[in-house]
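[1] the following block contains a protein sequence and its predicted model.
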Amino acid sequence: MFRHRLALCLFPLLLLLSCAKESQDLPDWTSSESASVEPQGEETAILTHAPEVPPPIQRSHPSHVRVDLEVREEVGLLADGVEYTFWTFGGTVPGPFIRVRQHDVVEFHLSNHPDNKMPHNIDLHAVTGPGGGATSSFAAPGKSAQFSFTALNPGLFVYHCATAPVGMHIANGMYGLILVEPPQGLPPVDREYYVMQSEFYTAGAFGESGLQPFDMAKALSENPDYVVFNGSVGALAEDRALQARTGERVRLFVGNGGPNLVSSFHVIGEIFDIVHSEGGTYPNQRDVQTTLIPAGGSATVEFKVDVPGTFLLVDHSIFRAFNKGALGMLKVEGDEDEAIYSGLQAEGVYLSEGSAIQHISEEENSESAAPRTLSKAQRIEEGKRLYTQNCAACHQLDGKGIPGAFPPLAGSDYLLEDPTRGIHAILEGLEGPLTVNGQLYNSVMPAMQLNDEEVASVLTYVLNSWGNEGGEVSPQQVAGIRK
Ligand SMILES: [Cu+2]
C-alpha cells in the first residue's frame with residue numbers, strides 16, 4: 001500500500017495533489033513511528049463497559065500502561081426472564097474496552113475471583129507472543145497472573161479466554177476489544193461506541209425462562225438460540241439505545257466474539273462512509289452497506305447521521321436479528337432534512353419485506369389443547385413466557401414496538417378497543433394499512449402457530465401489562481373465532 005501510494009505521488013504535481021486529497025478523505029491509521037521509541041512514564045488504563053469507549057489517547061509518546069482485569073463467574077440476564085451463568089472479564093459481557101497507544105508497554109494483570117469455579121486466562125490478539133498472553137496468564141480461582149507486551153501493531157483487536165475447553169469459555173461470555181491507537185491518534189469524531197456481537201447456546205429455546213445451562217451439542221452444531229449485541233437481548237434497545245444528534249459523525253468499534261458465527265453487520269437506514277475492515281488500520285472501503293466481521297475479528301465503521309430516527313443495528317443474517325436477538329438501536333435526534341428523507345411510507349415498503357420473518361416456537365406447535373383450567377394469574381404468567389418467545393422479537397419486551405415498523409401493544413387503541421382483534425391477528429396474521437395511536441403501519445404480521453390456550457394466555461398477558469386496562473381472553477373465545 002505504502003509503496004503503491006509513494007509511486008503514485010512521484011508522478012507530476014497534478015497527481016500529487018490528488019494523492020493529498022485522497023489521504024485527507026480516507027485518513028490512514030498506519031504509522032511511521034519506529035518501534036524503538038522509548039516508553040516514558042507510567043499510567044493505568046481507563047477501562048469502560050460497553051457501549052462506552054475510553055477517551056482518545058492524548059500522549060505524543062508511548063508509555064508503560066498497567067491493565068487490571070478480574071474474571072468473575074456471575075448469573076445475569078440473557079433476556080427478560082432468562083438467566084445465564086456468564087463467565088466474564090470484569091463482570092460484564094463483553095469485557096471492558098481497553099485503549100492503548102502503539103508501542104505502549106502493557107503490563108497485564110489478570111486475577112480470577114476466589115468464588116469462581118474454573119481456571120481462566122486471556123489471549124489478546126493485540127499481543128505478539130505465545131498464545132497472545134494465554135500461556136502466561138493462566139490463573140486458578142483466587143489466583144492472579146501477569147505478563148507484559150509491547151503493542152507493536154495498531155488496530156482494533158479481540159481478546160478472549162483461551163482455557164480449555166476454549167469454545168465453552170468463549171461461549172459463556174469471555175471476550176472484549178482492545179484498541180491500539182496509532183501514534184497520531186484516530187481522526188476525531190463526535191461519538192464513539194463499543195458494540196460486540198456473540199452467540200449463546202442454551203438448553204431451552206429462545207425465550208424459555210429460568211436459569212439456562214450451556215448446551216454443548218448446539219454449540220458443536222453452531223446452532224445458537226441467541227445472537228446478541230453486548231451480551232443480552234435488548235442491551236442496545238430502547239432506553240439503552242446508542243444516541244446521536246443529526247450532523248454528527250459516529251464511529252462504531254464492532255467486535256465479534258463468536259464463538260462460531262460470522263456477522264454481516266448492517267445499520268438499517270445508514271451507509272458506512274468509511275470501513276476499516278477486519279480491525280485493520282487501512283481505510284479499505286467507503287460507502288458500504290454491510291460489512292463482514294469474522295468470529296474473533298472486528299471492524300470499525302464510521303458514518304455521519306443526517307436525519308433523525310431510530311436506526312437498527314442488525315446482523316443481516318436476518319433471522320438472527322428478528323428472532324434471536326441481534327438487534328440494537330441508534331436513536332438520532334435533531335431536525336428533519338426533507339431534502340435527504342421525507343415521508344413514513346417508504347419505511348413500510350422495506351418492512352413488509354423484512355417482516356416475512358417469524359418466530360415459531362418449536363415446542364408449542366399446536367399440540368392440541370387438553371382442556372386445562374388456568375386462573376387468570378396463571379394465564380398471565382404463562383402468557384408472559386409465550387410473549388417473550390413469540391411476540392417480543394417484533395413488538396419488543398416492553399410492548400412499545402418499534403416506531404414505523406412494529407405497532408405498540410402497550411396502550412394500543414386498536415387492540416384495547418376490541419381485544420378480539422388480537423385473536424384475529426394471531427390466528428390469521430395481519431397485513432395492510434393499520435392505524436395505531438395515530439400512527440400508520442402498513443406491514444405484515446405472520447399468523448402464529450399457537451393453540452387456543454396459548455392465544456388466550458398471551459393476549460391476557462398483553463391486556464394486563466404495561467399499564468393496559470386489564471381483561472381476560474378465554475380459550476373458548478379463541479376457539480369460536482378459529483371456526
Ligand atoms: Cu475462561
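    Yep, it's here. Numbering: from 1, shown residues only.
[2] in which helix or strand does the closest residue to Pro403 other than its chain neighbours reside?
    Nearest non-adjacent residue to Pro403, counting by Cβ to Cβ, 6 or more residues apart in numbering: Thr310, 5.9 Å away. For glycine as for every other residue, the C-beta is placed from the backbone atoms N, C-alpha and C. Assigned by DSSP states H and E, Thr310 falls within strand 309-315.
[3] residues near the spatially closest residue to Tyr341 that is not a sequence neighbour, how many?
    In space, and not counting its chain neighbours, Tyr341 is closest to Val307: 4.8 Å by Cβ to Cβ, 6+ apart. Neighbourhood size, Val307 [other Cβ atoms under 10 Å]: 19.
[4] these two touch, right, Val307 and Gly343?
    No. Taking contacts as Cβ atoms under 8 Å, Val307 lies outside contact range of Gly343: 11.5 Å.
[5] report the longest strand in the chain, please.
    The single longest strand within the chain, with elements called by DSSP state E, is strand 64-79.
[6] how far does the helix or strand following that one sit from its chain's centre?
    Using DSSP H and E, the helix or strand that follows strand 64-79 towards the C-terminus is strand 82-89. From the chain centre to the centre of strand 82-89 is a distance of 16 Å (Cα atoms, centre = their mean, to the nearest Å).
[7] hmm, who's touching strand 82-89?
    Strand 82-89 has contacts (Cβ atoms under 8 Å, 6 or more residues apart in numbering) with 69-78, 93, 95-96, 118, 120, 122, 159, 161, 169, 172-176, 200, 202, 204, 207-213, 231, 233, 388.
[8] sorry, back to before: roughly how far does the residue nearest to Tyr341 sit from Glu336?
    According to Cβ to Cβ, to the nearest Å, Val307 stands 6 Å off from Glu336.
[9] and the helices in the stretch 1-150 of the chain?
    Secondary structure of the stretch 1-150 of the chain (DSSP state H, counting those that start in this stretch): helices at 2-9, 13-25, 134-137.
[10] Phe303: which element?
    Assigned by DSSP H and E, Phe303 belongs to strand 297-304.
[11] still on that earlier bit, show me what contacts the residue nearest to Tyr341?
    Thr246, Val332, Gly334, Glu336, Asp337, Ile340, Tyr341.
[12] with neighbour count and distance to Gly297 added, can I get the residues you listed in a markdown table?
    A markdown table is the format used below for those (neighbours: other Cβ atoms under 10 Å; distance: Cβ to Cβ, whole Å):
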| residue | neighbour count | distance to Gly297 |
| --- | --- | --- |
| Thr246 | 17 | 31 |
| Val332 | 23 | 27 |
| Gly334 | 15 | 33 |
| Glu336 | 13 | 37 |
| Asp337 | 13 | 35 |
| Ile340 | 9 | 32 |
| Tyr341 | 14 | 32 |
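[13] could those residues go into TSV alongside secondary structure and pLDDT?
    Supplementary listing: those in TSV, determined by DSSP: H, G, I helix; E, B strand; the rest coil; pLDDT from 0 to 100:
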residue	secondary structure	pLDDT
Thr246	coil	97
Val332	strand	95
Gly334	coil	94
Glu336	coil	89
Asp337	coil	88
Ile340	coil	90
Tyr341	coil	89
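[14] out of those, which comes closest to the ion?
    Nearest to the ion among the contacts of Val307 is Val332, at 37.6 Å by Cβ to the ion.
[15] out of the contacts of strand 82-89, which are buried?
    69-74, 78, 93, 95-96, 120, 122, 159, 161, 169, 172-176, 200, 202, 204, 207-209, 212, 231, 233, 388 (16 or more other Cβ atoms under 10 Å).
[16] out of the residues you listed, which touch the ion?
    Among these, the ones lying near the ion by Cβ under 5 Å from the ion are His120, Cys161, His169, Met174.
[17] which of these fall in helices?
    Counting by DSSP state H, these place His169 in helices.
[18] is it true that Glu382 lies in a helix?
    Yes. Counting by DSSP: H, G, I helix; E, B strand; the rest coil, Glu382 falls inside a helix.
[19] number of residues surrounding it?
    For Glu382, using other Cβ under 10 Å, the count is 19.
[20] per-residue confidence at it?
    Looking at Glu382, its pLDDT is 92.
[21] residues touching the residue lying closest to it once chain neighbours are set aside, list them.
    Using Cβ to Cβ, 6+ apart and skipping residues adjacent in sequence, the residue nearest Glu382 is Ser457, 4.4 Å away. Contacts for Ser457 were tallied using Cβ under 8 Å, 6+ apart; they are Leu374, Arg379, Ile380, Glu382, Gly383, Leu386.
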